[in-house]
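Enquirer: sequence and predicted structure below; questions after.
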Amino acid sequence: YFDDCWVNRMRDAAAEAQIIITNHHLLLNALELGWAGERLLPPAAIYIIDEAHGLEQTATAVFETSLTDYTVEQLLSRTIFQEHLDESELDEWRFQNTLAFQEVAHLSRDNAYRIDTELEEMKKLSRGLSALAQKLKLNHPYAQGEGTKGDSGKSTVRSGTVSESSKKLRKAGSTTNGSSGSTKQPKKALSEDEAAEEKRAYDLAIEALSSTATKLMTVAVNTHSDTTVRYAVRVFDRRHTTLELHAAPINPAGQLHDFLFHPEEDEPDEEQQETDQPVTRRAVICTSATLATNGNFQHFKSRCGIEATGEEHILPAVFNYPEQALLYQPPLPAYNYRNADLYYSKIAQEIENLLQVSRGRALCLFTSWSGLQQVKDRLTTAGSPSIWPLRAQGDAPRDALLRWFKETQYSVLLATRSFWEGVDIPGDDLSLVVLDKMPFPTPNDPLHSARMKLLDESGSNSFGDYMVPLMNLALKQGFGRLIRRAGDSGVVAILDERLSSKGYGRQTRQDLPPARFSRTFKDVHKFYQSVLPSNAEFALNVWAWRGRGDPLADEATEREGAVHWRWQLLRLQDGKADIMDDAAADPSPFPLNTLADAECYAALQGLENLRDRIERAGRATTGFAVEVRSQRLTMDPQTTSQAADLHQAWQEAAAQWQQLTFIMIPPVD
């Protein structure tokens, strides 16, 4: 099947191609294998690394050793082991796997923690799997004359059939050091193709056992190395917790230096040796919109092991940021765990004010799950819900959330760090990006902690030379979610006082795209007035629902119970708002039989309230524009025939204003 294998066909095609497009992960794997004498991709004279700001992170993942508490379980569940090993022996190694990972789990209750001790149970597991691999190799029932012998010393498969000598493998297996089970036998004669396929599966299983044993030993042994950090991470999902183990390079600059940027020696290939052709030197081009920090590439070069001077270019922005974007930083209190409730209430209120002037269409990015949940709870509370359709990361898979956001008008999406990059939502679907904090790496993360310690010990300033540049790059990535095309416009709001109060914050602001900067909410309102068709000074949000349910529920959600309503009146230039619902108001003089009737009455009450305020100030309503947001209401609402008087009252009230515009909010699904 070699010639028909899709992977082999792709490799052959790549060998003939002039241009190969791949990802960072595969490229680094190929370069590492090439260094070891294997060939995954053909050699190239020019490498173009796009989105190169993520190269260090990818290199860490490629060059590290990692496994989870499910790695051995998944390995032993392969059919090949079920066929050739007794279940009791498999259970023995499953139990040892449990002991090994319990040993790690008991080291700390933290979600991420460094491993500084020898892991004895994991060593036992590693040695056992290594011995098991050796036993399977010695007792190979599909060797087909390759020199692998069974107990009789002869090849165990000849001409596609199982030899009699393979029947002795059960006894041979029981004497192998480190295991107590036996190997089972193939139950039928095999054709040549079947034997080749079985042999390939058997060989891969042995290779996987050996590889896993090596990984386990790498994590288990404390080498006291200053180049590698061993650590564990608990990963939670809705069903279970996974324990990940890592042995990662503290700084992958050495590997990137050797494999990519500065190969120690460019060896000539066979053709060049025969013809005395000169060796083609390698050129590497790194590009990214967020590659430079503090106006230079020093951080990137130092983290990736780049020593050559080369050519460096920082190109001007391709978008007209002063016209297309506004950077807004409101005056908010600094976060402190002692005032967490007050802090998140302020953050949620600021976001709600921003949503009112942006008309939803917002991507709100958080640096932590807890921050996201705190804000989500406040924006979706039944007492004062946001009128805009809102979802958060975790409500659905990533692609489904992005698809919902693009397909749902005026929608709001709350997300964490995985949405700071790789999100492309051009046009009017996205007009506001909110960043809750400056995205510093977590200092107690074992990998970042090890890197900071290494820098400090070398005399560098780990905060300024490592943490700040990483934060800078991440912040620029978050900012970059807003302007994706020449016709895009909007506001980026950074809700972190350190952007102005700290020296590194002010420098970071200088590194951001050159948008206009303001700390005044009125400027946000003016900006949206300049780019949106509505010139409304006030907004009137209207809800109607049945029973005790969600005020944003549509009519099909709750068909039983009385109809209720609520209105919220906002002054858009500063976000000041008043709210009223039927529980606090006088009974309606009109019959409210449908949700459309209730919305119409709520809007009528809200407009009358605003009219009274304006007239008390000595002004006329004909000089003001109002934007009405609801699920059903229009200038000519479809009220019931029993509510004809309500319809007439609404028409008269609506005619008193300079302009009345309507936004139809999609119902919550």
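Expert: Yes, it's here.
Enquirer: go ahead and flag the most central residue of this protein.
Expert: In the chain, the residue lying closest to the centroid (Cα atoms, centre = their mean) is residue 418, at 1.9 Å.
Enquirer: with adjacent residues omitted, what lies nearest to that one?
Expert: residue 398 (6.9 Å; Cβ to Cβ, 6 or more residues apart in numbering). In short, each C-beta sits where N, CA and C put it, glycine included.
Enquirer: so how far is residue 391 from that neighbour?
Expert: 12 Å (Cβ to Cβ, to the nearest Å).
Enquirer: before we move on, what about residue 84?
Expert: 49 Å.
Enquirer: could you list the domains of this structure?
Expert: Domain segmentation of the chain under automatic domain parsing yields 1-63+252-315, 78-247, 321-445+470-520, 538-664.
Enquirer: just to revisit the earlier point, neighbour count winner among residue 398 and residue 391?
Expert: residue 391 (21 against 13; other Cβ atoms under 10 Å).
Enquirer: shaky segments in the stretch 151-300 of the chain?
Expert: Low-confidence segments of the stretch 151-300 of the chain (pLDDT under 70): 151-190, 264-280.
Enquirer: 80 instead, please
Expert: Low-confidence segments of the stretch 151-300 of the chain (pLDDT under 80): 151-198, 237-239, 263-281.
Enquirer: in it, which spans are helices?
Expert: For the stretch 151-300 of the chain, helices defined by DSSP state H, counting those that start in this stretch occupy the ranges 169-174, 192-220, 253-256, 270-275, 298-304.
Enquirer: now the stretch 351-500 of the chain
Expert: Under DSSP H, counting those that start in this stretch, the stretch 351-500 of the chain gives helices at 369-379, 398-407, 446-457, 462, 468-479, 498-501.
Enquirer: looking at those helices, which is buried most?
Expert: helix 468-479 (a mean of 23; mean count of other Cβ atoms under 10 Å).
Enquirer: give me the pLDDT for the spatially closest residue to residue 124 that is not a sequence neighbour.
Expert: Distance criterion Cβ to Cβ, 6+ apart; nearest residue to residue 124, sequence neighbours excluded, is residue 96 at 6.2 Å. pLDDT, residue 96: 95.
Enquirer: surely residue 233 touches residue 112?
Expert: Yes: with contact defined as Cβ atoms under 8 Å, residue 233 counts as touching residue 112 (4.7 Å).
Enquirer: where does residue 539 sit: helix, strand or coil?
Expert: Look at residue 539: counting by DSSP: H, G, I helix; E, B strand; the rest coil, its state is strand.
Enquirer: measure it to residue 321 for me?
Expert: In terms of Cβ to Cβ, residue 539 sits 28 Å off from residue 321.
Enquirer: and if you look at residue 402?
Expert: 24 Å.
Enquirer: again, but for residue 577
Expert: Counting by Cβ to Cβ - residue 577 and residue 321 are separated by 31 Å.
Enquirer: can you check residue 523 too?
Expert: For residue 523 relative to residue 321 (Cβ to Cβ), the value is 15 Å.
Enquirer: dihedrals phi and psi, the spatially closest residue to residue 335 that is not a sequence neighbour?
Expert: Using Cβ to Cβ, 6+ apart and skipping residues adjacent in sequence, the residue nearest residue 335 is residue 343, 5.2 Å away. Dihedral pair for residue 343: phi -60, psi -50, per degrees, to the nearest 10.
Enquirer: dump the residue contacts of residue 343.
Expert: Each residue near residue 343 by Cβ atoms under 8 Å, 6 or more residues apart in numbering is listed here: 332-333, 335-336.
Enquirer: I'd like the helices of the stretch 351-500 of the chain as CSV, with distance to residue 291 and mean pLDDT appended.
Expert: Converted to CSV, those look like this (distance: least, Cβ to Cβ, whole Å; pLDDT from 0 to 100):
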stretch, distance to residue 291, mean pLDDT
helix 369-379, 28, 93
helix 398-407, 25, 95
helix 446-457, 19, 95
helix 462, 21, 94
helix 468-479, 8, 94
helix 498-501, 21, 94
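Enquirer: check contacts around residue 373.
Expert: Contacts of residue 373 by Cβ under 8 Å, 6+ apart are residue 392.
Enquirer: ok, it to residue 380 distance?
Expert: 11 Å.
Enquirer: check residue 81 too.
Expert: Distance from residue 81 to residue 380, by Cβ to Cβ: 49 Å.
Enquirer: what score does the nearest residue to residue 518 once chain neighbours are set aside have for pLDDT?
Expert: With sequence-adjacent residues excluded and distances taken as Cβ to Cβ, 6+ apart, residue 518 is closest to residue 328, at 5.6 Å. As predicted, residue 328 sits at a pLDDT of 98.
Enquirer: check residue 77 too.
Expert: In this model, residue 77 carries a pLDDT of 88.
Enquirer: residue 352 and residue 362: what is the separation?
Expert: With Cβ to Cβ as the criterion, residue 352 and residue 362 are 10 Å apart.
Enquirer: scratch that, residue 425
Expert: 11 Å.
Enquirer: if you count what's nearby, which of these two comes out ahead?
Expert: Neighbour count, other Cβ under 10 Å: between residue 425 and residue 362, residue 362 has more, with 25 against 19.
Enquirer: please name the bridge partners of the closest residue to that one other than its chain neighbours.
Expert: Spatial nearest neighbour of residue 362, chain neighbours left out: residue 432 (3.9 Å); criterion: Cβ to Cβ, 6+ apart. Per DSSP bridges, the residues bridged to residue 432 are residue 362, residue 491.
Enquirer: for residue 432, give me its contacts.
Expert: Neighbours of residue 432 in contact, by Cβ under 8 Å, 6+ apart: 354-355, 358, 361-363, 482, 490-493.
Enquirer: mind checking which of the residues you listed are buried?
Expert: 354-355, 358, 361-363, 482, 490-493 (16 or more other Cβ atoms under 10 Å).
Enquirer: shouldn't residue 118 be in contact with residue 220?
Expert: Yes: with contacts counted by Cβ under 8 Å, residue 118 reaches residue 220, the gap being 6.9 Å.
Enquirer: between those two, who's got more neighbours?
Expert: residue 220 (25 against 10).
Enquirer: that one and residue 63, how far apart?
Expert: Relative to residue 63, and taking Cβ to Cβ, residue 220 is found at 19 Å.
Enquirer: what do you get for residue 362?
Expert: From residue 362 to residue 63 the distance is 38 Å (Cβ to Cβ).
Enquirer: what about dumping the CA coordinates of stretch 440-451 to CSV?
Expert: Only the C-alpha atoms of stretch 440-451 are listed here, as CSV (Å, rounded to 0.1, in the frame of the first residue of the first chain):
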residue,chain,number,x,y,z
PHE,A,440,0.3,39.6,31.0
PRO,A,441,1.3,36.0,31.1
THR,A,442,0.4,34.3,34.4
PRO,A,443,3.5,34.8,36.6
ASN,A,444,2.9,31.6,38.6
ASP,A,445,2.6,29.5,35.4
PRO,A,446,5.5,27.0,35.7
LEU,A,447,6.9,27.7,32.3
HIS,A,448,6.8,31.4,32.5
SER,A,449,8.1,31.3,36.1
ALA,A,450,11.1,29.2,35.0
ARG,A,451,11.8,31.6,32.1
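Enquirer: can you give me the helices in the stretch 1-150 of the chain?
Expert: With helices called from DSSP H, counting those that start in this stretch, the stretch 1-150 of the chain shows them at 6-16, 24-35, 55-63, 71-76, 79-84, 87-105, 120-138.
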